[in-house]
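*Asks:* Quick one: sequence and predicted model below, then my questions.
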Amino acid sequence: MYLQIKQLNKTYGSRQVVSDLDLEVREGEVLSLLGPSGCGKTTILRMLAGLVTPDSGYIEVGGRVFFDGRRGLPVEERSLGMVFQDYALWPHMTVAQNISFGLRLRRVPTSQIKERLRTLLELVNLSGYEQRYPYQLSGGQQQRVAVARALATEPRLLLLDEPLSSLDAALRETMSAELVQLFKRLGITTINVTHDQNEAMTMSDRITVLRDGRVQQIGTPTELYLKPQNSFVASFMGQANMLPGALANGHSETGSLVLQDEGISLSGQVSPEARHHSGSHYFVCRPAHIAIIQEPPPAPQQNILTGEVVQTFFVAGRWRTHIKAGRQQQYSIQAFTDQPLQPAQSVWLSFPPTHSLIVPA
Ligand SMILES: Nc1ncnc2c1ncn2[C@@H]1O[C@H](COP(=O)(O)OP(=O)(O)OP(=O)(O)O)[C@@H](O)[C@H]1O
């Protein structure tokens, strides 16, 4: 493995910010660290960069030991490229000066700097902008300069800390797609910190979901979305309808969950983690997988809950409908329809067992 982190720990005061982190990243892979604010993402990145000293653990990148449990390799010997949230471009330097700063520090000959600058500007689609100052660039352009600057010294590892968070939503989407194409073309190993699951989904080969400094799950975007190992990952990776209850029959891959307060059972796929979990569970179904039926089903049917429409919104070409379901209307459910439904209208929600999951709470 190109990057290896073993049993990494960091405490601030009495607070354990990173706990027993194990992580392996392949060469050329883009891996995102995803989690809510304060879960330890930036601290992990800073330990990789050599800006924060771990309490214990081991870090190795490209066959070089960055931290051996006691001593760390100095930052300048780690050969890293870093891009931060606010780009941190030098305002008094032109685009060309910003990008070539690291090369000039290393006393790279001028002719080589010129050649490298030309390549980098082409890579980030900014040829012709070399004499502009940061204030003369849009947010997306500034961010691309920051990426070019980070790549200038041909680092072995690229560290990104929420690089897109100050851009608006549309630009963030285009930029994340553009960046990942660039990283793939260069084959550079990249660790990207974000709290935005959409960004993590578009940019990453794999995602590590963190909560309170602990890894919850590591997997490809599809694995995390379709097979979350627990309710935290399910709710963090896109919208999920989650109904609490007790696992009734969960020794095989399919089983059922008896809904708390409702008494009825719903069938779904039982995750391996759920099978070995003795506490409470959640029944999880994504909004796109729920079928909304507008007429009472002819006979009592499995995996159906009655509900009442609360509101409906037109989003991305479909109607996102909010429904109160259950006998006491205690469940708040979101699903999609092709037509708008009326508030207070009665509906029947069908949860297909093949697209429903039972996970540990
Ligand atoms: N130098 C420090 N001294 C004390 N506590 C710190 C320090 N740096 C970070 N922390 C605390 O460690 C925890 C994790 O911080 P970290 O910045 O790694 O989280 P994060 O997941 O990157 O959050 P965000 O998304 O908000 O940037 C937080 O509770 C933070 O307050």
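*Replies:* Right, received. Where do you want to start? Being a predicted model, the structure only gives us computed values, none of them experimental.

*Asks:* Run through who's touching stretch 156-167.
*Replies:* Contact with stretch 156-167 is made by 3, 42, 45, 48-49, 61-62, 78-87, 139-140, 143, 146-147, 150-151, 171-172, 175-176, 179, 183, 188-196, 199, as judged by CB atoms under 8 Å, 6 or more residues apart in numbering. In this view, the C-beta of every residue, glycine as well, is placed from N, C-alpha and C.

*Asks:* Which members of the residues you listed additionally contact the ligand?
*Replies:* Counting by CB under 6 Å from any ligand atom, 42, 195 from these sit close to the ligand.

*Asks:* So which of the contacts of stretch 156-167 belong to helices?
*Replies:* Under the assignment DSSP state H, those contribute 42, 45, 48-49, 139-140, 143, 146-147, 150-151, 171-172, 175-176, 179, 183, 199 to helices.

*Asks:* From residue 36, how far off is the residue in the stretch 51-200 of the chain that the ligand sits nearest to?
*Replies:* For the stretch 51-200 of the chain and the ligand, the shortest gap (CB to the nearest ligand atom) falls at residue 195, measuring 4.9 Å. The gap separating residue 195 from residue 36 is 6 Å, by CB to CB, to the nearest Å.

*Asks:* Between those two, which is the more surrounded one?
*Replies:* Neighbours of residue 195 and residue 36, each counted by other CB atoms under 10 Å, are more numerous for residue 195; the result is 18 against 13.

*Asks:* The more buried one is in contact with residue 34, isn't it?
*Replies:* Yes - using CB atoms under 8 Å, residue 195 is in contact with residue 34, at 6.9 Å.

*Asks:* quick one: low-confidence ranges for the protein?
*Replies:* 86-87, 250 (pLDDT under 70).

*Asks:* Which residues are in contact with the closest residue in space to residue 348 that isn't next to it in sequence?
*Replies:* Nearest non-adjacent residue to residue 348, counting by CB to CB, 6 or more residues apart in numbering: residue 293, 4.2 Å away. Residues near residue 293 by CB under 8 Å, 6+ apart: 304, 347, 348, 349, 350.

*Asks:* Narrow those to those in strands?
*Replies:* Among those, the members found in strands (DSSP state E) are 304, 347, 348, 349, 350.

*Asks:* What's the local residue count around the first one?
*Replies:* Number of residues near residue 304 (other CB under 10 Å) recorded here: 18.

*Asks:* give me the beta-bridge partners of it?
*Replies:* Beta bridges link residue 304 to residue 350 when assigned by DSSP bridges.

*Asks:* Excluding sequence neighbours, find me the nearest residue to residue 24.
*Replies:* Counting by CB to CB, 6+ apart, residue 1 is the residue found nearest to residue 24 once chain neighbours are left out, at 4.2 Å.

*Asks:* before we move on, the earlier item: need the residues touching each of residue 195 and residue 34.
*Replies:* residue 41.

*Asks:* can I assume residue 284 sits in a strand?
*Replies:* Yes - the assignment for residue 284 is a strand, going by DSSP: H, G, I helix; E, B strand; the rest coil.

*Asks:* just checking, it touches residue 234?
*Replies:* Yes - shown here, residue 284 and residue 234 form a contact pair, counting by CB under 8 Å, at 4.7 Å.

*Asks:* anything in contact with each of those two?
*Replies:* In contact with both residue 284 and residue 234: 228, 240, 242, 357, 359, using CB under 8 Å, 6+ apart.

*Asks:* roughly how far apart are the one residue sitting closest to the centre of the chain and residue 283?
*Replies:* Centroid-nearest residue in the chain: residue 200, 3.4 Å away (criterion: CA atoms, centre = their mean). Distance from residue 200 to residue 283, counting by CB to CB: 25 Å.

*Asks:* For residue 24, which residues count as its bridge partners?
*Replies:* With DSSP bridges as the criterion, residue 24 is bridged to residue 4.

*Asks:* if we can go back for a sec, which one of the ones in strands among the contacts of residue 293 sits closest to the ligand?
*Replies:* Relative to the ligand, the closest of the ones in strands among the contacts of residue 293 is residue 349; by CB to the nearest ligand atom it sits at 34.7 Å.

*Asks:* Tell me who's in contact with that closest one.
*Replies:* By CB under 8 Å, 6+ apart, the neighbours of residue 349 are 290, 291, 292, 293, 304, 305, 306, 307, 323, 325, 333, 335.

*Asks:* Would you agree the last one falls within a helix?
*Replies:* Translated: residue 335. No - using three-state DSSP, the secondary structure at residue 335 is strand, not a helix.

*Asks:* Give me the neighbour count for the residue nearest to it when sequence neighbours are not counted.
*Replies:* Closest residue to residue 335 in three dimensions, ignoring its sequence neighbours and counting by CB to CB, 6+ apart: residue 290, at 3.9 Å. Other residues near residue 290 number 23, with proximity taken as other CB under 10 Å.
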